[in-house]
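Undergrad: no sequence for this one, just the structure:
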Ligand SMILES: Cc1cc2nc3c(=O)[nH]c(=O)nc-3n(C[C@H](O)[C@H](O)[C@H](O)COP(=O)(O)OP(=O)(O)OC[C@H]3O[C@@H](n4cnc5c(N)ncnc54)[C@H](O)[C@@H]3O)c2cc1C
């Protein structure tokens with residue numbers, strides 16, 4: 001049966017109901033604008049539910065300034081509070097296992113006073129004893145947050161669904177955007193501004209947009225481990241430093257790269273930089289390893305999983321029970337080999353923006369980017385950000401370690 005044709009008028013139409021699209025729709029509502037969000041599936045089920053939910057503000061370039069580090073965090077905390085989402089404020093511990101790693105971390109910590117600090121060898125091993133003797137110290141990112149990767153996008157979307165000035169249309173595949181109109185089958189949306197957030201997959205729409213550009217897709221593998229690995233914070237190691245320009249350009253990073261290339265060539269080549277993000281049920285999300293096949297790899301690589309599990313096992317020191325394995329499509333900008341850009345933004349015509357996430361920091365920055373996109377589209381400053389919430393303190397860290405040690409079922 002054919003659905004009847006209908007037309008909706010609104011201020012802003014957002015295409016794509018992943019977290020980036022939802023963030024833009026919420027930013028429009030913060031400015032009091034009417035919004036229609038169109039998502040082709042029955043719910044967001046691509047990258048926005050497959051990431052690790054780790055908001056790595058410490059890894060943002062320029063994270064020593066309030067504007068870069070604290071404002072995106074405040075937006076997240078405000079929206080999480082409004083939608084009732086649980087936010088872990090445990091921070092990130094980056095373990096150093098070599099002098100080179102320590103040197104980079106010390107440089108990063110010194111640039112982020114009050115937001116990151118070095119942990120001594122004793123403090124670090126007390127928090128993660130299984131990582132053992134080889135730990136020389138750690139960088140503790142105090143501002144980093146964790147959200148539940150599986151439910152956060154749906155929770156944010158509910159804010160729109162419950163808002164009389166916003167409308168969310170699922171199963172609305174958009175096939176044309178232009179001239180102030182968005183077409184999704186029988187549904188037409190007439191909007192003053194259109195923001196297209198289609199994610200890494202090209203569902204035919206981008207080819208139809210005049211200014212669409214080729215970005216290289218790549219496939220990333222991730223895992224979920226069973227409950228039994230309670231962690232005091234998100235954990236990663238020095239190799240992750242190379243994945244983020246804010247660290248990879250710090251003094252000593254070249255020496256670190258050279259050492260890691262010698263010691264862990266497979267890991268460096270495939271971007272196997274395990275980041276362990278604790279889930280509320282005690283499980284862990286382990287990201288990530290990059291498929292060697294450029295483009296859309298049709299099959300998972302067992303070798304990459306093995307590398308990822310080996311690196312994770314070295315940190316947790318116990319048997320790992322994998323509960324789920326999945327892939328995630330990401331985009332890499334050929335013009336930006338260092339991966340410094342978090343978003344790829346294009347304006348194919350006046351009043352239209354195409355916003356695509358490029359980095360593993362995109363989730364952390366999504367609300368901040370949404371404010372910037374709206375500000376630029378409407379040529380109007382953003383509404384004031386909420387007051388700054390306190391970050392972890394050293395006292396918190398001690399309480400944190402005590403709570404961790406006394407957690408039931410702790411197996412590491
Ligand atoms: C391995 C990995 C781990 C990551 N982990 C983190 C992390 O821990 N922290 C962090 O800050 N960031 C992380 N990121 C980045 C971030 O999670 C993703 O970039 C982000 O989720 C992308 O969201 P999105 O909305 O752009 O894309 P998607 O989630 O793919 O959403 C796009 C939506 O648009 C819809 N759509 C597409 N075309 C159409 C159309 N024509 N009509 C209607 N709907 C359409 C799709 O159905 C989809 O639901 C990670 C990235 C990678 C690669």
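TA: That came through, no problem. Owing to the predicted nature of the structure, the values given are computational and were not obtained by experimental measurement.

Undergrad: for the rest of this, base every contact and every neighbour count on C-alpha atoms.
TA: Noted.

Undergrad: flag every residue of the stretch 201-350 of the chain that's near the ligand.
TA: 203, 205, 220, 287, 288, 328, 330 (C-alpha under 6 Å from any ligand atom).

Undergrad: from those residues, which land in helices?
TA: Assigned to helices by DSSP state H, the following of those qualify: residue 205.

Undergrad: filter the residues of the stretch 201-350 of the chain next to the ligand down to the buried ones.
TA: 205, 220, 287, 288, 328, 330 (16 or more other C-alpha atoms under 10 Å).

Undergrad: now name the helix or strand holding residue 201.
TA: Residue 201 belongs to no helix or strand when assigned by DSSP states H and E.

Undergrad: shaky segments in the stretch 101-250 of the chain?
TA: 210-213, 228-229 (pLDDT under 70).

Undergrad: in it, which spans are helices?
TA: Taking DSSP state H, counting those that start in this stretch as the criterion, the stretch 101-250 of the chain carries its helices at 121-127, 152-161, 205-208, 245-248.

Undergrad: helices and strands around the third one, which ones?
TA: Going back to what we said before, that points to helix 205-208. Contact partners of helix 205-208 among helices and strands, from 3 or more C-alpha pairs under 8 Å, 6 or more residues apart in numbering; DSSP states H and E: strand 176-178.

Undergrad: the strand it packs on near the ligand anywhere?
TA: No. Counting by C-alpha under 6 Å from any ligand atom, the ligand is not contacted by strand 176-178; separation bottoms out at 8.0 Å.

Undergrad: coming back round to it: Serialize the buried ones among the residues of the stretch 201-350 of the chain next to the ligand to a markdown table and add fields for distance to residue 119.
TA: Below are these laid out as a markdown table (distance: C-alpha to C-alpha, whole Å):
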| residue | distance to residue 119 |
| --- | --- |
| 205 | 48 |
| 220 | 31 |
| 287 | 23 |
| 288 | 25 |
| 328 | 33 |
| 330 | 33 |
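
Undergrad: inside strands: which ones of these?
TA: Those of these mapping onto strands are 220, 287, 288, 328, 330, per DSSP state E.

Undergrad: my guess is the first one contacts residue 325, does it?
TA: No. With contact defined as C-alpha atoms under 8 Å, residue 220 and residue 325 do not form a contacting pair (10.8 Å).

Undergrad: roughly how far does residue 188 sit from the ligand?
TA: Taking C-alpha to the nearest ligand atom, to the nearest Å as the measure, residue 188 falls 12 Å from the ligand.

Undergrad: next one: the closest residue to that residue other than its chain neighbours from residue 190, what distance?
TA: Spatial nearest neighbour of residue 188, excluding adjacent residues (C-alpha to C-alpha, 6 or more residues apart in numbering): residue 7 at 4.6 Å. Distance, residue 7 to residue 190, by C-alpha to C-alpha, to the nearest Å: 7 Å.

Undergrad: more neighbours, the two?
TA: Neighbour totals were compared for residue 7 and residue 190, and residue 190 leads with 20 against 13 (other C-alpha atoms under 10 Å).
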